[in-house]
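Enquirer: I'd like to go over a predicted model; first the sequence, then the structure.
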Amino acid sequence: MKKIWILWGMWPQASLHFYQLLIQKVETNIRNPRNQDFPNLLLSNIPVPDLIKGKDDINTIETTIRMVNKEAKTQEKAWASFLVMPCNTMHLFKKDIIKWVNIPFISMIDCVTEKIQKLGFKKVWLLWSRTTMQSQLYTHPLSCMWIETIIPEEYKHSNISQIIHNYIAGTTHKNDIKLLEWYCDDLLESWSELIILWCTELPLILKASFWKYNFLASSEILADSTLNYYYNDL
């Protein structure tokens with residue numbers, strides 16, 4: 001039987017949301033599912049340092065790499081079949097992680113960009129933190145697909161990063177949500193075809209606003225790809 005290794009713990013609320021997505025999708029796609037119909041999961045909850053504010057700090061980077069490397073060796077001993085990470089920022093360490101594990105790695109970046117290309121969108125707006133923006137995790141592969149990306153101004157990135165931190169800390173204010181919605185409204189004037197919620201906390205912050213906008217959430221796309229790989233290759 002396959003085992004899905006989910007590497008999370010970077011931001012617990014988003015990690016829990018990804019787990020709930022997997023369960024909900026099984027319940028939706030399998031009529032009257034039995035206990036044995038749900039996927040076999042290995043969960044790694046690693047409390048790595050803050051990767052949004054400290055991604056350029058050498059101690060943060062070294063600590064994160066050391067923690068993930070140690071966990072990778074542990075999970076291989078547990079016979080994990082493949083790895084997924086429901087966190088965009090952790091994909092900054094994708095090359096390192098691939099070197100440590102001898103199992104398939106399903107990249108959230110690849111899943112999302114391929115989905116956008118398959119849907120035929122040519123102009124998308126990226127709603128993410130400053131860290132993800134600076135890393136070009138998405139802008140480069142999308143440009144290779146001839147998909148135009150609209151990047152928010154620097155002050156908006158700073159505000160979005162702070163809003164994400166507020167959510168993680170449990171201090172989200174209604175003004176945070178209003179500000180994000182204002183940014184989304186502003187985007188409609190730029191003729192963006194799609195608003196991509198890259199950071200996995202954003203769908204949780206904006207969950208009451210999904211009906212207003214053409215959102216695509218990276219966590220949900222990864223959940224679909226994870227279950228497809230799990231069930232179709234058993």
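Expert: That came in fine, so what should we check first? None of the values given here were measured: they were computed from a predicted structure. Residues are numbered from 1 along each chain as shown.

Enquirer: alpha carbons only for contacts and neighbour counts from here, please
Expert: Will do.

Enquirer: what are the ranges of the strands in the protein?
Expert: Assigned by DSSP state E, the strands in the chain fall at 4-8, 41-45, 82-84, 105-106, 123-127, 148-150, 194-197, 215-217.

Enquirer: Show me the shaky parts of the protein.
Expert: 9-11, 51-58, 128-135, 188-192, 198, 210-211, 233-234 (pLDDT under 70).

Enquirer: By residue count, tell me the biggest helix in this structure.
Expert: Secondary structure of the chain read by DSSP state H shows that its longest helix is helix 58-77.

Enquirer: Pull out the buried residues from that helix.
Expert: Neighbour-count burial for helix 58-77, counted by 16 or more other CA atoms under 10 Å, picks out Thr60, Ile61, Thr64, Ile65, Val68, Asn69, Glu71, Ala72, Gln75, Glu76.

Enquirer: for stretch 23-30, same thing?
Expert: Val26.

Enquirer: ok, residues contacting it?
Expert: With CA atoms under 8 Å, 6 or more residues apart in numbering as the contact definition, stretch 23-30 has outside contacts at Pro33, Asp37, Phe38, Asp224.

Enquirer: Would you mind measuring from the residue lying farthest from the centre of the chain to Glu220?
Expert: Distance from the C-alpha centroid of the chain, by CA atoms, centre = their mean, peaks at Asn32 (28.9 Å). Counting by CA to CA, to the nearest Å, the separation of Asn32 from Glu220 is 22 Å.

Enquirer: Could you do Leu16 as well?
Expert: To Glu220, Leu16 is 12 Å away according to CA to CA.

Enquirer: residues contacting the residue farthest from the centre of the chain?
Expert: With contact set as CA under 8 Å, 6+ apart, Asn32 has no partners.

Enquirer: go on, Lys178?
Expert: Contact partners of Lys178, counting by CA under 8 Å, 6+ apart, are absent.

Enquirer: Show me the helices in this structure, by range?
Expert: Here the chain has its helices, by DSSP H, at 12-29, 58-77, 94-100, 108-119, 130-135, 139-144, 154-168, 174-188, 202-205, 218-232.

Enquirer: Next, the distance between the ends of stretch 76-94.
Expert: Start-to-end, stretch 76-94 (CA to CA) is 17 Å.

Enquirer: Would you mark the buried spots in it?
Expert: For stretch 76-94, a neighbour-count test (16+ other CA under 10 Å) marks 76, 80-92 as buried.

Enquirer: now that stretch: how far from the chain's centre is it?
Expert: Taking CA atoms, centre = their mean, to the nearest Å, one finds the center of stretch 76-94 at 12 Å from the center of the full chain.
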